[in-house]
Structures are given as structure tokens and as C-alpha cells.
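**Q** Quick check, what structure comes out for this input:
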Amino acid sequence: MTDDLTKQHCKPCEGGVAPLSRDEALSLLEKLHPDWALSDDGLSISRRFEFPAYSRTLGFANAAAWIAIAEGHHPVLTVSYGSCEVSYTTHAVNGLTDNDFICAAKTDRLTSDAG
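**A** Below you'll find the model as predicted:
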């Protein structure tokens, strides 16, 4: 895997492969914005994005959904007035795969490019 996760694309995952180990997940987590967190059970990563207005939150959520559709890998999006929490896991393997980190990096880019 290259260092620039945003230049990669998700590979279809129908199971039959092992999820990333906790050490592998922690290594990839270092390539993301520091606000991403690995769940206690090591099965998902999540980050809360904050915005000054509901319209900005919805715009972000729609852009994150567009990434999910383009990559064929879908997060859980929890939308509130001024925030959107994004959580990735790969259900087919009951854990994390490279796809989760690729999509997280692309989601990060939504806010870094807007600055």
C-alpha cells in the first residue's frame, strides 16, 4: 500500500479474507488525520467532523456519501446539527480492511481541500 491512500481505490470485498490486525490498523491510522480513532474492539475507525451550520454539515454528509458510492464502500454517517460522525468497518470480514482507510483518507480530503 502506498503512503497516499487518496490515490487508491477500494477493492470489492465479499469476505474470505482476514481483517487487518490491530497493529496493521494502527499503522494505517497514522496516515489519517489524528482525529480518527480505532474502536476499543479494533473493528472500526471513526471521526467526528464539526461545522458551523446545519447546511455545511449536510453538504459534507452528501459529499461523504458520494465517496461511498464511487468507491462501493459505505460508512455509517451520524448527522447532527453541527457535526457528522463517520465510521468505517468492513462488514464482510467483521473488521477493518484497506478499504476503510482509503475511504477515511478521501473523507479527510473533503475538509482539508475546503480550507
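**Q** in the chain, what secondary structure element scores lowest on mean pLDDT?
**A** helix 98-114 (a mean of 88; mean pLDDT, DSSP states H and E).
**Q** got a list of what the spatially most central residue of the chain touches?
**A** Closest to where the C-alpha atoms of the chain average out (Cα atoms, centre = their mean) is Ala104, at 2.7 Å. By Cβ atoms under 8 Å, 6 or more residues apart in numbering, Ala104 lies in contact with 5, 32, 36, 45, 47, 86, 88. Heads up, the C-betas are built off the backbone N, CA and C, glycines and all.
**Q** and if you look at Thr97?
**A** Going by Cβ under 8 Å, 6+ apart, Thr97 touches 13, 17, 19-20, 90.
**Q** I'd like the contacts of Ala104 laid out as JSON lines, including distance to Leu77, secondary structure and pLDDT.
**A** JSON lines is the format used below for the contacts of Ala104 (distance: Cβ to Cβ, whole Å; DSSP: H, G, I helix; E, B strand; the rest coil; pLDDT from 0 to 100):
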{"residue": "Leu5", "distance to Leu77": "19", "secondary structure": "helix", "pLDDT": "81"}
{"residue": "Leu32", "distance to Leu77": "17", "secondary structure": "coil", "pLDDT": "95"}
{"residue": "Trp36", "distance to Leu77": "15", "secondary structure": "coil", "pLDDT": "97"}
{"residue": "Ile45", "distance to Leu77": "14", "secondary structure": "strand", "pLDDT": "98"}
{"residue": "Arg47", "distance to Leu77": "11", "secondary structure": "strand", "pLDDT": "98"}
{"residue": "Val86", "distance to Leu77": "6", "secondary structure": "strand", "pLDDT": "98"}
{"residue": "Tyr88", "distance to Leu77": "10", "secondary structure": "strand", "pLDDT": "97"}
